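Chemist: pasting a predicted model and its sequence here:
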Amino acid sequence: MFDFSVWLTIAIMHAVAVASPGPDFAVVLKQSLQKGKKAGIWTSIGVGSGILVHVVYSLLGVGLLIQANDWLYEVLLYAAAAYLVWIGFGALRSMPSENQTQDVPAAKGTSKNAFILGFITNGLNPKATLFFLALYSLAIPTDTSLSVKLAYGVYLAVATGLWFVFVSLLASHASIRRIYQQKGYWFDRLMGVVIILMAILLVVSQ
């Protein structure tokens, strides 16, 4: 049965994670700034679709592992907290630079290539792997039905895609590019604080 409180927890954790600095943001920003709105939107759709890769292996493996090994819960908890602290401090160390985007190889030409670029960037991101394993094992009760778990996963994919479509639309404007290049490090630092606080809450709430 669908649990609104569980969904709300997932939505909040996902919102913080998806808005934090990372390869998905970098590749969508780069595609949007360099190749325009269409490329940015298709890259965003690819990123959202890549979320389903993490959802599928989370559903197939983590629940069974948690049921068979009680100690794995705490391992995942502290691994997730350590990971969040690590990326949080990395964001806090962000400094001003002439170009805030990462040098991510961009697809050339078609919308298909843009989609594939976004899909691979998210699907093969090891940081996303750890985050989604922790998210599914900590936020979703193990007795939740498969259909509801799938519904949560579809929400995560759609919400991710919509967020990055929004980012791509904003980044298509030259004025936004100039602002980000000058002040983007302040956004990175703010998200670093939020991520570290989330890691602390994960540990002290247990």
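Modeler: Looks like it arrived, so ask away.
Chemist: ok, now how distant is L162 from T110?
Modeler: Going from L162 to T110 by CB to CB, to the nearest Å gives 22 Å. C-beta here means a position set from N, CA and C on the backbone, and glycine is covered the same way.
Chemist: looking at the two, which has the bigger crowd around it?
Modeler: L162 (14 against 11; other CB atoms under 10 Å).
Chemist: just give the closest residue to the more buried one, not the sequence neighbours.
Modeler: G48 (7.4 Å; CB to CB, 6 or more residues apart in numbering).
Chemist: mind listing the helices for the protein?
Modeler: With helices called from DSSP state H, the chain shows them at 4-19, 23-35, 37-57, 63-68, 71-92, 111-123, 126-139, 146-171, 174-204.
Chemist: how about stretch 135-152: buried residues?
Modeler: L135, Y136, S137, L138, A139, I140, T144, V148, K149, Y152 (16 or more other CB atoms under 10 Å).
Chemist: next: stretch 7-18.
Modeler: By 16+ other CB under 10 Å, the buried positions in stretch 7-18 come out as W7, I10, M13, H14, A17, V18.
Chemist: now the fourth one, nearest residue through space, not along the chain?
Modeler: Read that as H14. L156 (5.7 Å).
Chemist: now flag whichever of the buried residues of stretch 7-18 is closest to G40.
Modeler: Nearest to G40 among those, counting by CB to CB, is V18 at 15.6 Å.
Chemist: so that closest one sits against V158, correct?
Modeler: No. Between V18 and V158 no contact is recorded; they are 11.6 Å apart, counting by CB atoms under 8 Å.
Chemist: just name the shakiest helix or strand of this protein by mean pLDDT.
Modeler: Least confident helix or strand of the chain, by mean pLDDT, DSSP states H and E, is helix 63-68 with a mean of 58.
Chemist: rank the helices of the chain by mean pLDDT and give me the bottom one.
Modeler: Lowest mean pLDDT of those: helix 63-68, a mean of 58.
Chemist: the residue nearest to H14: neighbour count?
Modeler: Neighbour tally, L156, other CB under 10 Å: 24.
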